[in-house]
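> I would like the atomic coordinates for the input below:
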Amino acid sequence: MLKREKLSTFNDATPRSTSNNGEPSRFGRTAADRGHSSTMDDSKPIPRAKKPSEKLKFGLLNGVVIPPSCLAIIPISGEGIRMLLDVTSTKLSRLPFPMLDRLEMYSGWDQLDLAHVIAGLLILATSLVWIRVINESKGVGDVLSYRQKLPALFYLYAGVAAGVIGLDALIFLLGLQSRTNGWGEVPVYAGPACCVLYVVLCACFAIFHSDYATGKRV
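Model prediction:
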């Protein structure tokens, strides 16, 4: 007959490791490992949903700031785009697209041209680039990690971001200079000062959106 002590109890079926007192741990993880993992899990706060009041404030502020800002910036940037490219002065109503010819029937809308559309798209692109730049500066994103791993890709991203922001500022400055001719006696520094203020306001707008998106509540 087989003796009972010779039968395998399958104690070695799971990985072993030593615990704090030197004894093997049955499940392959020491008590210190389990405590370390639990500490790491507890150190990451779970984001909570934003309150309805926070969402309402965010939407109201965007609704109050964005429309008048676009109405003020798009005509100025559009003027600068026309100075760079004459073809952008083509009216939208003359483009070979359906329904656009009806713009001539409405006062004000008949003055819209390609420069206005490009200016609007440029403002959108600049806002998104600013938000990404603020996020990366806060450590939210992986572009900064490319500086060591993929420097060429990092400098490509940095160059595109700087180019978009710089181009938007240049176009805005050109539009201001073209319009100051009809403002009478305007100091020379008025245009550059307004351009710097415009860039700062764009950065503040990006900071506001970045804080809302990366806050403790999502």
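> okay, CA-based contacts and neighbour counts for the rest of this
Noted.
> Just say helix, strand or coil for F97.
Here F97 takes the coil state, with states given by DSSP: H, G, I helix; E, B strand; the rest coil.
> what's the burial count for it?
9 (other Cα atoms under 10 Å).
> gap between it and A213?
Per Cα to Cα, to the nearest Å, F97 is found 38 Å from A213.
> go on, E136?
Counting by Cα to Cα - E136 and A213 are separated by 13 Å.
> Where do the helices of the protein begin and end?
Here the chain has its helices, by DSSP state H, at 31-43, 52-84, 114-137, 146-149, 151-179, 190-213.
> Reformat the ones you listed as CSV; add distance to D101.
Listed next are the helices of the chain as CSV, based on distance: least, Cα to Cα, whole Å:
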stretch, distance to D101
helix 31-43, 60
helix 52-84, 21
helix 114-137, 14
helix 146-149, 48
helix 151-179, 27
helix 190-213, 34
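> Deepest-packed of these, please.
Among these, helix 114-137 has the highest mean neighbour count (mean count of other Cα atoms under 10 Å), at a mean of 19.
> what packs against that helix?
helix 52-84, helix 151-179, helix 190-213 (3 or more Cα pairs under 8 Å, 6 or more residues apart in numbering; DSSP states H and E).
> between that helix and helix 190-213, how big is the angle?
50 degrees (axes from the mean of the first three to the mean of the last three Cα atoms, to 10 degrees).
> pLDDT weak spots in this protein?
Within the chain, the ranges that satisfy pLDDT under 70 run 1-47, 180-185, 216-218.
> again, only using 80
Across the chain, the ranges flagged by pLDDT under 80 are 1-50, 141, 179-189, 215-218.
> Please tabulate the helices and strands packed on helix 114-137 in CSV, including the columns distance to L122.
Converted to CSV, the helices and strands packed on helix 114-137 look like this (distance: least, Cα to Cα, whole Å):
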stretch, distance to L122
helix 52-84, 9
helix 151-179, 7
helix 190-213, 12
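> closest one to W130 among these?
Checking those against W130 by Cα to Cα gives helix 190-213 as the closest, at 5.5 Å.
> Can you check what angle separates the closest one from helix 52-84?
Relative orientation of helix 190-213 versus helix 52-84 (the same axes, to 10 degrees): 150 degrees.
> who wins for proximity to T90 among the helices of the chain?
helix 114-137 (6.0 Å).
> now the closest one and helix 151-179, what's the angle there?
In terms of direction (the same axes, to 10 degrees), helix 114-137 departs from helix 151-179 by 140 degrees.
> next one: helix 114-137 to chain centre, how far?
9 Å (Cα atoms, centre = their mean, to the nearest Å).
> Run through who's touching that helix.
The contact list for helix 114-137 (Cα atoms under 8 Å, 6 or more residues apart in numbering) reads 70, 74-75, 77-79, 81-82, 88-92, 141-144, 161, 164-165, 168, 202-203, 205-207, 209-210.
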